[in-house]
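Novice: Show me the folded form of this:
(2 chains)
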There are 2 protein chains.
Amino acid sequence: MRRSERIVRLTQTLLEQPYRLLSLTDMAEKLESAKSSLSEDLGIIRDVLQKEELGTLETQAGAAGGVRFIPGVPEQQALRFVYEMSQMLSDPERILPGGYLYMSDLLGRSDVLDWAGRIFAHIFSTAGAEYILTVETKGIPLAVSVARYLHIPTVVVRRDNRVTEGSAVSINYVSGSRRIQTMSLSRRSLPERSSVLLIDDFMKAGGTAKAMIDLMKEFKAEVVGVGVFMSTSEPVVKMLDQYVALTVLTHVDEIKKEIRVEPGVFQNLIHKEDANG
Amino acid sequence: MRRSERIVRLTQTLLEQPYRLLSLTDMAEKLESAKSSLSEDLGIIRDVLQKEELGTLETQAGAAGGVRFIPGVPEQQALRFVYEMSQMLSDPERILPGGYLYMSDLLGRSDVLDWAGRIFAHIFSTAGAEYILTVETKGIPLAVSVARYLHIPTVVVRRDNRVTEGSAVSINYVSGSRRIQTMSLSRRSLPERSSVLLIDDFMKAGGTAKAMIDLMKEFKAEVVGVGVFMSTSEPVVKMLDQYVALTVLTHVDEIKKEIRVEPGVFQNLIHKEDANG
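Specialist: Residues are numbered from 1 along each chain as shown, chains lettered A, B, ... in the order given. I've put the predicted structure just below:
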């Protein structure tokens, strides 16, 4: 097989399977090539990925060794994406009753999900999450996208206790609309003592996220990070300390039809990770 | 830029953006290369993709021309995937009260979603769908994955009429559990006269899918296909004629703890598409 053909195969195999450790021996067999040639090819791929900030290749030596693709985020493109999202969201036509915002169209677009998923995966790449946790319904597509880039499973908490998946843990909480709500998760959905990353579409006071954190205590799970597509600047004090928001709703007036959405403060997170990586 | 580096960049750019028409002029500029060199590179990439049944590159000539990646499915690997899913699902521990099946773990795994999404995208690649339609909650991850490979948006129908997204269309229907249920979709979620592909996790009699088709009539939309991760062999006559199921639940006995899941009949669909493509 020619080098250029091998490089297509290797690039395809690696990029389609982020974070998965792929055996060099298996790849050499599949491509009918010597491991030494593969190593050179992988060097070329790694150089291009790093130069373009698209990620890197991690090599592990030894019998169980191999290579895996760690996705990155080109900083300028990520900032442009979030800026563009903020602009699109700052459209008075998006204002919904109660000061909420219509954003299902954006969170249904595959390119938006890809970018947002990639950014969160990058920010939380070293957090050690074993599961992505979200609560139905609107956060699910984003959660699935983050999970894809981190190559870990998604677990969806239900908003009712009609769960038909065996024994479940339910908790009550007060949501942003000040109603008492229920959320529940079946025992078999999540092994005890897991590390989870919370992903959701929207956060106001943080009541829902706080309830998810409380629910996780029942599973003896550790929440290693919280990421939302949009948070609100008010209330300033949320029910949880640390979270990352891609965009922030800083002003909305239903009567005057005014709205302002700004990029969140996460640039340093992207940059810091790059410096470490 | 060396050919091998260009090939990494091109493979990455194309494979990460299925179905998106990418301008050759833009790519030549970005890679600081002549269009003629790019054409040769694209030829190499196309050959490898086709040989491995991973898809193909479609070139469009002219000023607005460019190239796009149409994902394919290696037939043997797709069959192996569905066979493996059937085996994993044929586990008595998965039987839930009411003859339902626990499969949230599988539908939360990113590799499972990738494969299933890719297979459905391939089967329905020529159907002309503009939107993927699903109903909350369990079908959403799969719908998002299919949408990613077809590069079209996902629209999620809600199971209640608490929709807070402006004027909505609601319909009542009788579900598999013989209860009267409601589903609704806000007007702004889907433009009238769209072509939609229905994706869901599970189908028994087809009541939910039928209700989604009825709902689509209110949007003057055309349903160009229906795909489910699992259907049941009983009842034989469903409430809709045509659908594609990756797996079929052929036998379940809650008392005796017996269960049998088999691959669905879709092989000819994969193969036919390949022959046409």
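Novice: any idea how far residue A:48 lies from chain B?
Specialist: Here the distance between residue A:48 and chain B works out to 4 Å (Cβ to the nearest Cβ, to the nearest Å). Every residue, glycine included, has its C-beta placed from N, CA and C.
Novice: Next, give phi and psi for that residue.
Specialist: Backbone dihedrals for residue A:48, given as degrees, to the nearest 10, come out at phi -60, psi -50.
Novice: ok, it - contacts?
Specialist: Contacts of residue A:48 were listed using Cβ atoms under 8 Å, 6 or more residues apart in numbering or on different chains, and they are A:54, B:5, B:8, B:9, B:12.
Novice: which two in the residues you listed are spaced the farthest apart?
Specialist: Using Cβ to Cβ, the pair of those lying farthest apart is A:54 and B:5, separated by 12.5 Å.
Novice: How are the helices of the stretch 51-200 of chain A distributed by residue range?
Specialist: Taking DSSP state H, counting those that start in this stretch to define them, one finds helices in the stretch 51-200 of chain A at A:75-89, A:110-123, A:140-150.
Novice: relative orientation of the last one and helix B:110-123 in degrees?
Specialist: The directions of helix A:140-150 and helix B:110-123 differ by 110 degrees, with axes from the mean of the first three to the mean of the last three Cα atoms, to 10 degrees as the criterion.
Novice: For helix A:140-150, the averaged confidence score.
Specialist: For helix A:140-150, the mean per-residue pLDDT is 98.
Novice: follow-up on the earlier one: let's have the contacts of residue A:48 in CSV, adding distance to residue B:182 and pLDDT.
Specialist: Converted to CSV, those look like this (distance: Cβ to Cβ, whole Å; pLDDT from 0 to 100):
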residue, distance to residue B:182, pLDDT
A:54, 45, 94
B:5, 56, 95
B:8, 51, 97
B:9, 50, 96
B:12, 45, 95
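Novice: In helices only, show me the residues you listed.
Specialist: Restricting the contacts of residue A:48 to those inside helices, with DSSP state H as the criterion, leaves B:5, B:8, B:9, B:12.
Novice: give me every residue that touches the third one.
Specialist: For residue B:9, the residues meeting the contact criterion (Cβ under 8 Å, 6+ apart) are A:48, A:52, B:1, B:30, B:31.
Novice: Show the low-confidence segments of the stretch 1-150 of chain A, by residue range.
Specialist: Along the stretch 1-150 of chain A, the model assigns pLDDT under 70 to no residue.
Novice: Pairing-wise in the sheet, spell out the partners of the residue nearest to residue A:202 when sequence neighbours are not counted.
Specialist: Taking Cβ to Cβ, 6 or more residues apart in numbering or on different chains as the measure, residue A:202 lies nearest to residue A:230, with 5.3 Å between them; neighbours along the chain are not counted. Counting by DSSP bridges, residue A:230 is bridged to residue A:202, residue A:247.
Novice: picking that back up, just send the contacts of residue B:9 back as TSV, with distance to residue A:66 too.
Specialist: Shown next, in TSV, are those (distance: Cβ to Cβ, whole Å):
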residue	distance to residue A:66
A:48	20
A:52	23
B:1	28
B:30	31
B:31	29
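Novice: which of those sit farthest apart?
Specialist: Considering Cβ to Cβ, no two members of those lie farther apart than A:48 and B:30, which are separated by 12.5 Å.
Novice: per-residue confidence at residue A:240?
Specialist: The per-residue pLDDT reported for residue A:240 equals 93.
Novice: Identify the residues contacting it.
Specialist: For residue A:240, the contacting residues are A:206, A:209, A:210, A:213, A:226, by Cβ under 8 Å, 6+ apart.
Novice: So which of residue A:54 and residue B:5 has more stuff around it?
Specialist: Shown here are residue A:54 and residue B:5; by other Cβ atoms under 10 Å in any protein chain shown, residue A:54 has more neighbours (21 against 18).
Novice: ok, now how distant is the closest residue to that one other than its chain neighbours from residue A:27?
Specialist: The shortest distance from residue A:54 to any residue other than its chain neighbours is 5.5 Å, reached at residue A:72 (Cβ to Cβ, 6+ apart). Look at residue A:72 and residue A:27: by Cβ to Cβ, to the nearest Å, they are 22 Å apart.
Novice: now residue A:87
Specialist: Using Cβ to Cβ, residue A:87 is found at 43 Å from residue A:27.
Novice: More neighbours: those two, which one.
Specialist: Residue environment comparison for residue A:87 versus residue A:27 gives the larger neighbour count to residue A:27, 21 against 13, counting by other Cβ under 10 Å.
Novice: about what we covered before: mind putting the contacts of residue A:48 in a markdown table, distance to residue A:77 included?
Specialist: Putting the contacts of residue A:48 into a markdown table (distance: Cβ to Cβ, whole Å) gives the following:
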| residue | distance to residue A:77 |
| --- | --- |
| A:54 | 10 |
| B:5 | 19 |
| B:8 | 17 |
| B:9 | 14 |
| B:12 | 13 |
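Novice: The stretch 151-277 of chain A against chain B: which residues are in contact?
Specialist: Applying the criterion Cβ under 8 Å from any Cβ of the partner chain, the portion of the stretch 151-277 of chain A that neighbours chain B consists of A:151-156, A:158, A:164-166, A:186, A:188-189.
Novice: 7 Å instead, please
Specialist: Counting by Cβ under 7 Å from any Cβ of the partner chain, the residues of the stretch 151-277 of chain A close to chain B are A:151, A:153, A:154, A:155, A:156, A:158, A:164, A:165, A:166, A:188, A:189.
Novice: pLDDT check: weakest of those residues?
Specialist: For these, the weakest pLDDT value sits at residue A:164, with 71.
Novice: What separation do you get for that residue and residue B:35?
Specialist: Here residue A:164 is placed at a distance of 57 Å from residue B:35 (Cβ to Cβ).
Novice: ok, now how distant is the most centrally placed residue in chain A from residue A:133?
Specialist: With the centre of chain A defined as its mean C-alpha position, the nearest residue by Cα atoms, centre = their mean is residue A:146, 2.9 Å away. Residue A:146 sits 11 Å away from residue A:133, going by Cβ to Cβ.
Novice: Correct me if wrong: residue A:198 contacts residue A:209.
Specialist: Yes. In this structure, residue A:198 is within contact of residue A:209 by Cβ atoms under 7 Å, at 6.0 Å.
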